[in-house]
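Student: next one to model:
(one chain, ligands or ions: 3)
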Amino acid sequence: MSAVYIIGTDTDVGKTFVCAGLCWALREKGYNVGYFKPVLTGAIRSGSMLIPQDTEFVVKFAKINEDVYKLTPFICEKPASPHIAAGIENKDIDVDRIKQTFEDLSKNYEFIMIEGCGGLAVPLKEQNNQFYMQYQLIKELCNNVILVTTTKLGTINHTILTVEFAKAYGLCLKGIIVNMYKNESDEDKVIKTIAEFTNIPILAKVDLIRGCVNCKDENKFKNVFEKCFNNDTIMKIMGVFEC
Ligand SMILES: Nc1ncnc2c1ncn2[C@@H]1O[C@H](COP(=O)(O)OP(=O)(O)OP(=O)(O)O)[C@@H](O)[C@H]1O
Ligand SMILES: C[C@H](N)[C@H](N)CCCCCC(=O)O
Ligand SMILES: [Mg+2]
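Tutor: Numbering: from 1, shown residues only. Ligands and ions are numbered 1, 2, ... in the order given. Predicted coordinates for the structure are as follows:
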């Protein structure tokens with residue numbers, strides 16, 4: 001089994017969107033790809049249930065036949081850092097349970113795409129004034145990372161900081177996917193600056209789907225993903241999977 005950790009320069013950069021597109025594109029090509037979201041915060045409440053919306057979106061779009069609660073072992077309602085949300089909701093984010101779930105999933109899938117919660121330096125839990133950080137889980141679970149960023153103003157700083165953090169903490173950052181690409185002037189200069197400074201390959205640019213950001217038009221999504229995750233890109237990304 002091979003896996004890759006999808007992390008972002010921030011929350012809301014499109015990790016889920018990219019995971020959904022990649023899982024869909026790879027499964028369309030016959031790869032047995034699964035998805036795993038160890039920790040999710042900001043879940044949607046439906047009566048007594050908390051809905052892990054990231055997981056729900058990915059499994060539905062990529063037609064992954066798995067229980068979303070198995071794929072998302074730790075779900076918090078508060079849209080906050082996991083250590084804060086879990087503290088408020090009296091949930092203990094058990095790393096051994098995350099590892100066991102990952103091991104169980106690895107028996108069913110050839111490839112697993114793991115979505116992080118926010119960025120690298122997010123505290124997943126706090127115990128005795130000690131933080132357990134997302135980058136630590138990545139190193140223990142699958143130190144094979146793709147970074148999702150955007151071209152919004154500020155991204156040069158955010159992306160370079162994230163890459164330097166990854167290097168400093170021994171993470172294997174294999175590539176960058178630029179999401180919400182508008183194909184406007186200067187965007188490619190931003191991307192070129194990031195590529196040259198970090199020396200990390202730009203694996204793909206995923207177009208911004210204009211109009212309703214949460215549009216449910218799957219065909220619009222598929223058109224973008226077919227274009228952005230073409231055969232060359234898929235081969236590059238398949239070269240990144242290992243663990
Ligand atoms: N390329 C895109 N075109 C249009 N909308 C997008 C695109 N990428 C992401 N979005 C939208 O932007 C919002 C944030 O995307 P997404 O939920 O994938 O971010 P995320 O990094 O997974 O966030 P989180 O940290 O909460 O997991 C969502 O409403 C999503 O539909
Ligand atoms: C709620 C949000 N959408 C994410 N799931 C959680 C992001 C945690 C970010 C923590 C931080 O960097 O301040
Ligand atoms: Mg997400």
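Student: which intervals of the protein have sub-threshold pLDDT?
Tutor: Scanning the chain for pLDDT under 70 picks out 212-216, 242-243.
Student: and it, which residues reach ligand 1?
Tutor: Within the chain, the positions near ligand 1 by CB under 6 Å from any ligand atom are 8, 11-17, 54, 118, 179-180, 206, 208-209, 213-214. From N, CA and C alone the C-beta is placed, and that goes for glycine too.
Student: helix or strand: which one has Trp23?
Tutor: Actually, residue 23 is Cys. It isn't Trp. Using DSSP states H and E, Cys23 maps to helix 15-28.
Student: hey, C-alpha coordinates of that helix in CSV?
Tutor: Extracted in CSV, the C-alpha atoms of helix 15-28 (Å, rounded to 0.1, in the frame of the first residue of the first chain):
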residue,chain,number,x,y,z
LYS,A,15,-7.3,20.2,0.3
THR,A,16,-10.7,18.5,0.2
PHE,A,17,-11.5,19.7,-3.3
VAL,A,18,-8.1,18.5,-4.5
CYS,A,19,-8.4,15.2,-2.7
ALA,A,20,-11.9,14.6,-4.3
GLY,A,21,-10.6,15.5,-7.7
LEU,A,22,-7.5,13.3,-7.4
CYS,A,23,-9.3,10.3,-5.9
TRP,A,24,-11.9,10.6,-8.7
ALA,A,25,-9.3,11.0,-11.5
LEU,A,26,-7.2,8.1,-10.2
ARG,A,27,-10.2,5.8,-9.6
GLU,A,28,-11.4,6.6,-13.2
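Student: can you say which of the residues of the chain next to ligand 1 are buried?
Tutor: 8, 13-17, 54, 118, 179-180, 206, 208 (16 or more other CB atoms under 10 Å).
Student: of the residues you listed, which is the nearest to Ala85?
Tutor: Gly118 (11.3 Å; CB to CB).
Student: give the contact list for the closest one.
Tutor: 8, 10-11, 81, 134 (CB atoms under 8 Å, 6 or more residues apart in numbering).
Student: name the nearest of the buried ones among the residues of the chain next to ligand 1 relative to Phe225.
Tutor: Among those, Val206 lies closest to Phe225 (CB to CB), at 7.7 Å.
Student: tell me how far the closest one lies from ligand 2.
Tutor: 19 Å (CB to the nearest ligand atom, to the nearest Å).
Student: contacts only, for that residue.
Tutor: Val206 touches 14, 17-18, 21, 177-181, 224-225, 228, counting by CB under 8 Å, 6+ apart.
Student: thanks a lot, see you next time.
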